[in-house]
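Need a 3D model of the sequence below.
(one chain, ligands or ions: 2)
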Amino acid sequence: MRCARCNQYAPVNSDGHCTTCARKLAGLCAFDGCTEPRHGRLCWRHQAQRQRGEVLRPLEPNLTPAELAAEVEWLLGTDSPDHIAARLGRSRDSLYRSLRRIGRRDLIDALAAETMRAAELMRESRMGQVFGPDPRKAHGRVA
Ligand SMILES: [Zn+2]
Ligand SMILES: [Zn+2]
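Ligands and ions are numbered 1, 2, ... in the order given. Sure thing, here's the model as predicted:
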């Protein structure tokens, strides 16, 4: 049978669509077998895999909060909290919720501090653009 949508020879479902098209129409991630909703072509977690330059692979089963905490500890300081959350297939809020549930306020605080530090850096770099580099710093007299 030909798929009614992409016109390729493939097994089709009752609507006449191949599995790829059926997944697309159902709003599922394009990665075969992935049951996550898609955002663009892929789900968040497969997008994260692609962003990391990895070969797309089936998603690992959801991490338990304890595993999540271990991952956060490992990733802390290497990336922004939003990116860390995305790597773990979470939004930042849902990550915070999981950590709170297992009483890891320390990790939430660390992530929040990281967010503030990032905002600070951004503000400084913006000021740098407005006022130009500090001439004293340019001569290396100020550490
Ligand atoms: Zn098709
Ligand atoms: Zn996916």
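
Enumerate the residues of this structure near ligand 2.
For the chain, the residues in contact with ligand 2 (Cβ under 5 Å from the ion) are C29, F31, C34, E36, C43, H46. Heads up, the C-betas are built off the backbone N, CA and C, glycines and all.

Take the residues you listed and keep only those in strands.
Among these, no member is found in strands (DSSP state E).

Adding neighbour count and pLDDT, write the residues you listed out as a markdown table.
Output for these, formatted as a markdown table (neighbours: other Cβ atoms under 10 Å; pLDDT from 0 to 100):
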| residue | neighbour count | pLDDT |
| --- | --- | --- |
| C29 | 24 | 91 |
| F31 | 21 | 87 |
| C34 | 18 | 85 |
| E36 | 16 | 86 |
| C43 | 21 | 89 |
| H46 | 23 | 88 |
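
right, and the pair among those residues with maximum separation?
Farthest pair in the residues of the chain next to ligand 2 (Cβ to Cβ) is F31 and E36. Separation: 8.4 Å.

Identify the contacts common to those two.
Common contact partners of F31 and E36 (Cβ atoms under 8 Å, 6 or more residues apart in numbering): C43, H46.

Select the helix or strand of the protein having the lowest average pLDDT value.
Least confident helix or strand of the chain, by mean pLDDT, DSSP states H and E, is helix 135-138 with a mean of 58.

To which secondary structure element is the most centrally placed residue in the chain assigned?
With distances taken as Cα atoms, centre = their mean, the chain has A86 as the residue nearest its mean C-alpha position (2.2 Å). A86 is part of helix 81-87, with elements assigned from DSSP states H and E.

Could you look up the next helix or strand downstream of that helix?
In the C-terminal direction, the helix or strand that comes right after helix 81-87 (DSSP H and E) is helix 92-101.

send the alpha carbons of that following helix over as PDB?
Provided in PDB are the C-alpha atoms of helix 92-101 (Å, rounded to 0.1, in the frame of the first residue of the first chain):
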ATOM      1  CA  ARG A  92      13.500  23.800  35.200                       C
ATOM      2  CA  ASP A  93      10.300  23.900  37.200                       C
ATOM      3  CA  SER A  94       9.600  20.200  37.000                       C
ATOM      4  CA  LEU A  95      13.300  19.500  37.900                       C
ATOM      5  CA  TYR A  96      12.900  21.800  41.000                       C
ATOM      6  CA  ARG A  97       9.700  20.000  42.000                       C
ATOM      7  CA  SER A  98      11.400  16.600  41.800                       C
ATOM      8  CA  LEU A  99      14.400  17.800  43.900                       C
ATOM      9  CA  ARG A 100      12.100  19.400  46.400                       C
ATOM     10  CA  ARG A 101      10.200  16.100  46.700                       C
END
